[in-house]
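*Asks:* After the sequence you'll find the predicted model.
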Amino acid sequence: MATQTKGVRDAVFVYISKPNLTTEEINSVEGSRLWSASTKNTVLLLRGLIALQVLAFVFCQKRWRVDYGLDPNRDPSTRLAVPFRAKDNPTARAEFSHPDVIITLTSLSYYYEGLTDDDLFLNFNHLVSSDQADMEYCVWVADSNFLPPAFRQLSGINLEDRPQCIEQVFPCLKYAKAVVDYFLEHIVFPRELKEFPDKLSASGWDLGEEKPEPTTGFSGTNDSRAFLPLTVSQLNEGEQQHTNALVLEYLLQDENSVALTQKPKTARQSEAEALLEMVTQLKPPVRVILDVGAQILELDNLEVARRWLQMMDDTEDTQAVIFCDENDQTCVVDRQDRVEMFLTSPFANKTDVCLVFLDEAHTRGTDLKLPLTYRAAVTLGANLTKDRLVQACMRMRKLGKGQSVIFCVPEEIQQKINPRLGAHKPTTTVVDILEWAISETFSDLRRGIRLWANQGQRQERQKSLWAEAHVEGSTQLGEDANRFLEVEAQTLEKRYRPTQQLVTEASSSAFQSGIDAITERLLEFGSLDLGSSTFQEEQERELSPEVEQERQIQRPPPADPAVHSVHLDIRRFVSQGVLTAGSKAYMPAFMALADTSAAQHFDVRNLPQGFLVTADFVRTIVPFRNSYLSDLFQRSVQWILTSASDTGVIEIAIIISPYEAHELLPEIRLSKRVSLHLYAPRLNMGLRPLDSLDLYTVPHRAVIRSLSRRLTTELSLFSGQLYVDSLEEYANICEFLGLSREFDGNESNGSDQTSSWDIDVVNEALVQFMKVFMTKIRRNCESIDKTHGKALHVTDNDENGDSSYCTHSLCTPPDLFPDLYHNSDEDSDMESNPAEEAHGLAQLLEAARRASVCSGGSMDHEEHKELDCLSFPLSPRSFGKLGLYLDSYNVDHSRLRFEYYPDCHQARLKIAVSAFHEIMATGMQSLVEAAATQHVAPMLYRANAAHQIRSENGHITPYYADRGWSCSEVDIRPCLVLEVGYSQTPKDLTHKAEEYIPGSSGSVCA
């Protein structure tokens, strides 16, 4: 979006924030070049979350542990958030129906609750088996400020030492967002999220439909009578009509009052303890707490009882607390901390010496005989209706006849009541409380009427289907039974895209279904919009599995391995270095993918045919049918046979199977033409690339062989390599995929051009082929979004077929900093190539990210030393946007410091002092650079450019880092090794290193 014009950004803002759009507002987004297959789902999701009020529903209408949460005891078990009926009272089988609501509420549940020890063990087991374990763990560490230094590297975690993990590691990681996100992304959502194509729904309307015999029900209140099915009517007898007014009269008596709750006095005090402390100080004393507002979340019922009893003075009239346990049993705990059933306890007939605590779930239906003098504190909470409030107050059975209540109003509820108070009412009264509760009742009715209407329409539609199936006294459904089903699984486009067709269908369904009574009820509440997202999130579904049915999954039979063989033409190639034309012993490498799922997106015959593979490499199993997908049976690239010219340039490269490598090894050792190379794709940023084929070569040649640029690119892509080693290599891959030809730094012609790349041809089919190949075949369906493989995330062409527009989501200089490639008069005085500046800025961000992971101190200015080792060419405009770049790169720069020197156009990174940096902060520039830029200490860092350092005498001394340096995993002090070409003698250099690093004697190689 940052590269789009202001008009497009404004149009998208309206599109994702306005529920009802005009045709012009829709076309301004969906008719623009931004609207493509890879971007429209993101825009539609944002529209659903914001305009259609998914986030408003989650944050305004749902409270954690009150309306939703995790239920570890559910059977069948689930890791997803489930609906709660009251505080800590999950439903038995209900689920939220809307997928985005499920995802959001589940994420919030884990953010609030954190991960359990079992969750973290699962997380670590999954992490250590992944390709990018070290890199991902660095992200975890960066999100945990209190993790001990010994555990800030993955190698320091011993999962077999469970006590150490549970006591020292897990408490620092259980609430870290990066850790929770990894758990959700890799363990919870892939395993738990499910959606069915269709559903068969029933509701209270089906229970209340007309039957030969009358159906009766009972409710103590009638505020929700608007939700009764139209076939059910309330029987309001004359002698009962005064009940509601009588309860309000009891509440409006003078002995009832209002108190504002207190905030915690210290950071250690919880809100629950602050509320209990306030209750104990109220006069007249409070003997009952009715937590109908669910304000006590930090403590369970037994903990509340114990804590309250501890706060009260030990007197004869305060000896125990009555509460309800997790099994809904009424219990009592005394001052000796004995917990027993209330009815069988000594306090069953001595309630006058007991305090009473009832949580939200038990403020309805609980009946206790309490003394006439008892006073109750009633908490208020969000979405508390008058029905629930008076039900809670009536737990005081003698209310208005000696017993009284005091309403405890939290600050958030007071803010809702304040607009109702006039200038003449400086304080909140019971009348204000009741008015607010009645207004919450109205809001609840308006929210629920949509669900009621939708259920009514469904029941009416099913009733008409039953009538059609009932012919001549018998019911015959047959194929018409499918007409009772409703679509459950929906795409983002169908769920959120604003189309006139959806609006017409909703309106037609509302007005033309023969249910005028439902329509009239909707009009009373001012809404006919049944297609809104808000209504959808309020549905909950019950899963009723059919016990009689057992599902048997028929898996494919085990595959038979193919018989290995070495073709004679391959042996001839080993001996002579020449391929036999037209032989079936080999084929182009990408032709081996012809029977994979990736080949469905692109014809592999159109791919380059430089790299070859042998028939034995391709042949892994005996095909069990004529056409099958070989995704699971593709070999990894390991052994490569090459034949080269006299200059060492490889002319022929063939990938062979391990069997062939073993069989041909004696012949290869004697061959004067070919060499065998050991190879593995670079799947981890910490591994060095093996594209040069120099890891292991048989036999050793006097002239080192090298692959051409074209063959290197083919090998990287075919093997599934996830990281590139240079900008040039990246450009070669992009050119191979048709993403770009070159980076010229100039903006393309065209007023609508928003990309800073010189795009040649965007071959979307090839890109999709490579994306499927990389993720499904080479990565076993794991994500490549955190690797350089995310270059494959490109947009489709626009609807007019214009291929000049392409959006890259790529962590490379032209994508991270597209504005550097636009001409600017502001930086005209700076003689630097935009690509070079972008590359330098990328290096600066990478150094800052690694420094933020290793850095340990605060950012007080006096703690910084002058570290003039990390300087990068940068324009003033780019430095002004450095903060935005750091945030987009997910760099925690709170402990870093940057300075800019406009005279030389240089940005300088300064690092907070820590025990690690104290050792490195010397006059020897490479050591300081080591501390700032190594990915995970210890790790080898290769420095390939000459630098200049300032020695103690002030002279500028050049040096060249020949190899680099490394650190021990145990102790970096005595094991630091530096190998550089330096202007002083080796002896002087050794003494200087010992001076800089105390205790390094004998450990410095000069």
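*Replies:* Cool, the structure landed. Numbering: from 1, shown residues only.

*Asks:* C-alpha only now, for contacts and for neighbours.
*Replies:* Fine.

*Asks:* Now Leu368. Nearest residue, chain neighbours left out?
*Replies:* In this structure, Leu368 finds its nearest non-sequential neighbour in Arg395, 7.4 Å apart by Cα to Cα, 6 or more residues apart in numbering.

*Asks:* Tell me who's in contact with that neighbour.
*Replies:* Counting by Cα atoms under 8 Å, 6 or more residues apart in numbering, Arg395 touches Thr363, Arg364, Thr366, Asp367, Leu368.

*Asks:* Low-confidence stretches in the stretch 501-650 of the chain?
*Replies:* Within the stretch 501-650 of the chain, the stretches with pLDDT under 70 are 501-515, 527-551.

*Asks:* so where do the strands sit in it?
*Replies:* Assigned by DSSP state E, counting those that start in this stretch, the stretch 501-650 of the chain shows strands spanning 540-542, 560-561, 586-588, 612-614, 621-622, 639-644, 650-656.

*Asks:* neighbouring strands for the second one, and are they parallel or not?
*Replies:* Partners of strand 560-561 in the sheet, by DSSP bridges, are strand 621-622 (antiparallel).

*Asks:* which other residues reach the strand it pairs with?
*Replies:* Applying Cα under 8 Å, 6+ apart, the contact partners of strand 621-622 are Ala559, Asp560, Pro561, Ala562, Phe633.

*Asks:* ok, now stretch 70-85?
*Replies:* Against stretch 70-85 from outside (Cα under 8 Å, 6+ apart): 65-69, 90-96, 102, 105-106, 109, 188, 192-193, 361, 540.

*Asks:* So for it, what gets flagged as buried?
*Replies:* Within stretch 70-85, the residues that qualify as buried are Leu70, Asp71, Thr78, Arg79, Leu80, Ala81, Val82, Pro83, Phe84, Arg85, counting by 16 or more other Cα atoms under 10 Å.

*Asks:* same deal with stretch 264-273?
*Replies:* Those would be Ser270, Glu271, Ala272, Glu273, for stretch 264-273 by 16+ other Cα under 10 Å.

*Asks:* tell me, what residue is most central in the chain?
*Replies:* Among the residues of the chain, the one closest to the centroid is Asp181, at 4.4 Å (Cα atoms, centre = their mean).

*Asks:* helix/strand/coil for it?
*Replies:* What DSSP: H, G, I helix; E, B strand; the rest coil gives for Asp181 is helix.

*Asks:* before we move on, back to that, are any of the contacts of Arg395 buried, and if so which?
*Replies:* Using 16+ other Cα under 10 Å, the buried members of the contacts of Arg395 are Thr363, Arg364.

*Asks:* Now name the helix or strand holding Val378.
*Replies:* Using DSSP states H and E, Val378 sits within strand 375-379.

*Asks:* which is the next helix or strand following that strand?
*Replies:* Once the chain leaves strand 375-379, the next helix or strand it forms, by DSSP H and E, is helix 386-393.

*Asks:* now the angle between helix 386-393 and the longest helix along the chain, please.
*Replies:* Scanning the chain for the longest helix, with DSSP state H as the assignment, gives helix 430-469. Helix 430-469 runs at 120 degrees relative to helix 386-393, counting by axes from the mean of the first three to the mean of the last three Cα atoms, to 10 degrees.

*Asks:* Now the element after helix 430-469, going C-ward?
*Replies:* Using DSSP H and E, the next helix or strand after helix 430-469 towards the C-terminus is strand 470-471.

*Asks:* so for that following strand, what's the average pLDDT?
*Replies:* The average pLDDT within strand 470-471 is 75.

*Asks:* List the strands paired with it, with their directions.
*Replies:* If you go by DSSP bridges, strand 470-471 pairs up with strand 474-475 (antiparallel).

*Asks:* Please enumerate residues in contact with the strand it pairs with?
*Replies:* Trp466, Ala469.

*Asks:* Parallel or antiparallel, list what pairs with the very next helix or strand once past it.
*Replies:* Helices and strands here follow DSSP H and E; after strand 474-475, the next one along the chain is strand 486-487. Paired neighbours of strand 486-487 in the sheet (DSSP bridges): strand 198-199 (antiparallel).

*Asks:* Would you tell me what the next helix or strand after the strand it pairs with is?
*Replies:* Beyond strand 198-199 toward the C-terminal end (DSSP H and E), the next one is helix 204-207.

*Asks:* buried ones in that next one?
*Replies:* Trp205, Asp206.

*Asks:* counting contacts, what elements does it pack onto?
*Replies:* Helix 204-207 is packed against helix 430-469, with contacts defined by 3 or more Cα pairs under 8 Å, 6 or more residues apart in numbering; DSSP states H and E.

*Asks:* list the buried ones in the helix it packs on?
*Replies:* Judged by neighbour count (16+ other Cα under 10 Å), helix 430-469 contains these buried residues: 430, 432-434, 436-442, 444-462, 465-466, 469.

*Asks:* repeat for stretch 675-688
*Replies:* Under the neighbour-count criterion of 16+ other Cα under 10 Å, stretch 675-688 has Ser675, Leu676, His677, Leu678, Tyr679, Ala680, Pro681, Arg682, Leu683, Asn684, Met685 buried.

*Asks:* Check stretch 655-668 too.
*Replies:* Ile655, Ile656, Ser657, Pro658, Glu660, Ala661, Leu664, Leu665, Ile668.

*Asks:* residues in contact with it?
*Replies:* With contact meaning Cα under 8 Å, 6+ apart, stretch 655-668 is reached by 564-566, 571, 574-575, 589, 611-614, 616-617, 637-641, 674-676, 698-699.

*Asks:* Can you flag which of those belong to helices?
*Replies:* Among the contacts of stretch 655-668, the members falling in helices (DSSP H) are Arg571, Val574, Ser575, Asp616, Phe617.

*Asks:* buried subset of those?
*Replies:* Those of these that meet the buried threshold are Arg571, Val574, Ser575, Asp616, Phe617, by 16+ other Cα under 10 Å.

*Asks:* these two touch, right, Tyr137 and Gln153?
*Replies:* Yes. Using Cα atoms under 8 Å, Tyr137 is in contact with Gln153, at 7.4 Å.

*Asks:* residue ranges for the strands of the stretch 301-450 of the chain, please.
*Replies:* Assigned by DSSP E, counting those that start in this stretch, the strands in the stretch 301-450 of the chain fall at 320-324, 330-334, 339-341, 354-358, 375-379, 404-409.

*Asks:* what residues does the longest one touch?
*Replies:* Under the contact criterion Cα under 8 Å, 6+ apart, strand 404-409 has outside partners 251, 255-261, 373-380, 393, 396, 399, 430.

*Asks:* Return the subset of the buried residues of stretch 675-688 lying in strands.
*Replies:* Filtering the buried residues of stretch 675-688 for membership in strands, criterion DSSP state E, returns Ser675, Leu676, His677, Leu678.

*Asks:* burial of the closest residue in space to the third one that isn't next to it in sequence, as a residue count?
*Replies:* What it means is His677. Distance criterion Cα to Cα, 6+ apart; nearest residue to His677, sequence neighbours excluded, is Thr697 at 4.6 Å. Residue crowding around Thr697 was assessed by other Cα atoms under 10 Å; the count is 17.
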